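> show me how the following folds:
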Amino acid sequence: MNTEMARIWLVVASLIIVAACFMFFILAPLFGYPLESQQAIRLLEIVLPVFLGYLGSASYFVFKRPHRSRMPVELGTLTSVMIRGPVIVFCLVVISAIFAFGYTNRFNATPRTGLSIDMLAGMLAAALGLLTVTTNLMVSYIFSDVEGELG
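Residues are numbered from 1 along each chain as shown. Next comes the predicted model:
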C-alpha cells in the first residue's frame, strides 16, 4: 500500500460508514428496531464527527493551494495494517453492539434485561476511542504534503 492508496481507502471507508450510519439510525426506528428517533440522533452525534473529520482532512488535502509534489510513498506492512485494521475493528464492534442491543431489546425479550441506550452509546464511544487513538497520526500523515518517514 502507498500513501495514495491509503488516502483512497480511508475516504471510501469513511463515506461508506457515514452513509451506513445515516441510513441505519434514520430508518431503524421506522422499521421496528428498539430505538427511538431521539436516541438514534444521539448515536449519530457520537459516531459521525470522527469520520466527518477524516473527510474534512481529505477535502482540505485535495483542494488546498499550491499543490506540491504528491508522489505516492510506499508504506510498510505494519502501517497498512494500522490504517485498515482499526476501521475494520470499529465496524465489527459497532455491528456487534447494534445487534446485541436490538436482540436484547426485541419485542419478546424479558423486560429490563436488555442493553440500555447508555450502554450502546458507551460501546460506540469505546470503538471510536480505539479508532481515534490508532489512526489520528496516520490521517495527518497521509493527508499532508510533507511525507517523511512512516512505514
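> C-terminal to the helix or strand Val81 falls within, what's the next element?
When secondary structure is defined using DSSP states H and E, the element that contains Val81 is helix 77-104. Using DSSP H and E, the helix or strand that directly follows helix 77-104 along the chain is helix 117-142.
> and the residue most central in space within the chain, helix, strand or coil?
Within the chain, one residue has its C-alpha closest to the average C-alpha position: by Cα atoms, centre = their mean, that is Phe51, at 5.3 Å. In three-state terms, and counting by DSSP: H, G, I helix; E, B strand; the rest coil, Phe51 is helix.
> low pLDDT regions in the protein?
Across the chain, residues meeting the criterion (pLDDT under 70) sit at 65-70, 145-151.
> a helix runs through Tyr60, doesn't it?
Yes: counting by three-state DSSP, Tyr60 is part of a helix.
> what's the local residue count around it?
Tyr60: 11 surrounding residues under other Cβ atoms under 10 Å. In this view, the C-beta of every residue, glycine as well, is placed from N, C-alpha and C.
> next up, the contacts around the spatially closest residue to it that is not a sequence neighbour.
The shortest distance from Tyr60 to any residue that is not its chain neighbour, by Cβ to Cβ, 6 or more residues apart in numbering, is 7.2 Å, and that residue is Phe143. Residues in contact with Phe143, defined by Cβ atoms under 8 Å, 6 or more residues apart in numbering, are Arg7, Ser57, Ala58, Tyr60, Phe61.
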